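A.B. asks: With the sequence up front, the predicted model follows.
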Amino acid sequence: MTSRGAHSIPAGRRVYAIGDIHGRDDLFAQLIDLIRADIRQRPDAEITLILLGDLVDRGPDSANVIARAMRLRDEFSDTRLLIGNHEECFLAALTGDVRKLRYFMRIGGDATVRSYWDDGLSLDEASFEEVAERLPRLVPADHVAYLGQGEDIVEIGDYVFVHAGIRPGVPLERQALSDLRWIRDEFLDSMNDHGKMIVHGHSITHAPDEQANRIGIDIGAFQSGALAAVALEGESRWFLVAREAQARADAA
């Protein structure tokens with residue numbers, strides 16, 4: 001279904017924004033296939049692909065998700081990565097700080113660590129100190145560099161793309177990184193006109209959450225088995241959703 005509204009993307013351009021992947025490389029691969037098919041059936045346009053952050057944690061294949069995201073630029077040259085709160089914590093855990101590693105693993109980072117763990121020591125038997133010391137050597141440097149070069153805000157036409165949201169009433173250029181990556185209720189509960197339509201992930205809903213001032217597209221891939229993207233062109237927008245059941249059928 002395609003909806004229309006007052007917000008628009010510049011002529012000749014189409015944007016696909018993908019919600020929180022959280023280690024579900026199977027759904028990520030399927031969603032990219034859906035985007036390819038959508039592109040084939042529509043008129044030519046300049047394509048921008050935006051990953052809204054939280055590529056890692058909770059799901060089983062964070063390392064493969066990052067590798068796939070890095071390869072996307074070979075096909076979609078204008079691919080943008082936003083830093084989510086889970087990327088922030090992952091990068092902090094790679095500094096060797098045991099306290100930061102403990103926090104990272106407590107919020108789902110244990111799955112990310114396991115996706116990279118290729119060490120003679122069993123992860124289940126390793127101490128936090130041992131993981132903190134070994135993990136930085138196990139994560140490829142290009143993965144770290146890729147995440148470290150991510151953005152915090154992307155503006156295109158009448159849309160603004162962020163991971164978590166924005167602080168209502170604060171100009172975009174003065175938003176705090178902590179809000180862009182972590183904010184929840186103050187943003188979700190606000191009915192303010194933010195000046196532009198905010199597209200975000202971070203806060204899980206059972207289906208894409210379309211409000212007058214924002215569009216949320218985190219539908220909890222790691223637990224729901226569904227991963228969403230919103231497509232934007234002109235004043236039109238539509239959604240693409242990869243589903244676990246279809247992914248299993250395609251693999252059969």
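C.D. replies: Structure received. Numbering: from 1, shown residues only.

A.B. asks: Tell me where the model's unsure across the protein.
C.D. replies: 1-5, 246-252 (pLDDT under 70).

A.B. asks: for the closest residue in space to Ile18 that isn't next to it in sequence, which residues make a bridge with it?
C.D. replies: Closest residue to Ile18 apart from its sequence neighbours, by Cβ to Cβ, 6 or more residues apart in numbering: Ala229 at 4.6 Å. Backbone N, C-alpha and C define where each C-beta goes, glycine included. Here Ala229 shows beta-bridge partners Ile18, Leu240, assigned using DSSP bridges.

A.B. asks: distance of Ala229 from Val15?
C.D. replies: 10 Å (Cβ to Cβ, to the nearest Å).

A.B. asks: Now Pro10. Its backbone dihedrals?
C.D. replies: phi -50, psi 150 (degrees, to the nearest 10).

A.B. asks: Please name the nearest non-neighbouring residue to it.
C.D. replies: Gly157 (5.1 Å).

A.B. asks: Can you report phi and psi for that neighbour?
C.D. replies: Per degrees, to the nearest 10, the backbone of Gly157 is at phi 60, psi -130.

A.B. asks: which stretches of the stretch 101-250 of the chain form helices?
C.D. replies: Taking DSSP state H, counting those that start in this stretch as the test, the helices found in the stretch 101-250 of the chain are 110-116, 128-138, 141-148, 177-182, 185-188, 221-224, 244-251.

A.B. asks: Of those, which is nearest Arg68?
C.D. replies: helix 141-148 (11.3 Å; Cβ to Cβ).

A.B. asks: other SSEs contacting that closest one?
C.D. replies: Helices and strands touching helix 141-148, by 3 or more Cβ pairs under 8 Å, 6 or more residues apart in numbering; DSSP states H and E, are helix 62-75, helix 85-93.

A.B. asks: okay, those helices, which one's buried deepest?
C.D. replies: Stretch with highest mean neighbour count among those: helix 85-93 (a mean of 22; mean count of other Cβ atoms under 10 Å).

A.B. asks: Centre of the chain to it, how far?
C.D. replies: 13 Å (Cα atoms, centre = their mean, to the nearest Å).

A.B. asks: repeat for stretch 174-181
C.D. replies: 16 Å.

A.B. asks: Need the contact partners of it.
C.D. replies: 53, 83-85, 88, 152-153, 162-167, 170, 187 (Cβ atoms under 8 Å, 6 or more residues apart in numbering).

A.B. asks: C-alpha coordinates for that stretch, CSV please?
C.D. replies: What follows is stretch 174-181, C-alpha atoms only, in CSV (Å, rounded to 0.1, in the frame of the first residue of the first chain):
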residue,chain,number,x,y,z
ARG,A,174,21.8,21.3,18.5
GLN,A,175,20.5,17.7,19.2
ALA,A,176,22.6,15.8,21.7
LEU,A,177,24.1,12.5,20.5
SER,A,178,22.7,10.8,23.6
ASP,A,179,19.2,11.7,22.4
LEU,A,180,19.7,10.8,18.8
ARG,A,181,20.9,7.3,19.9
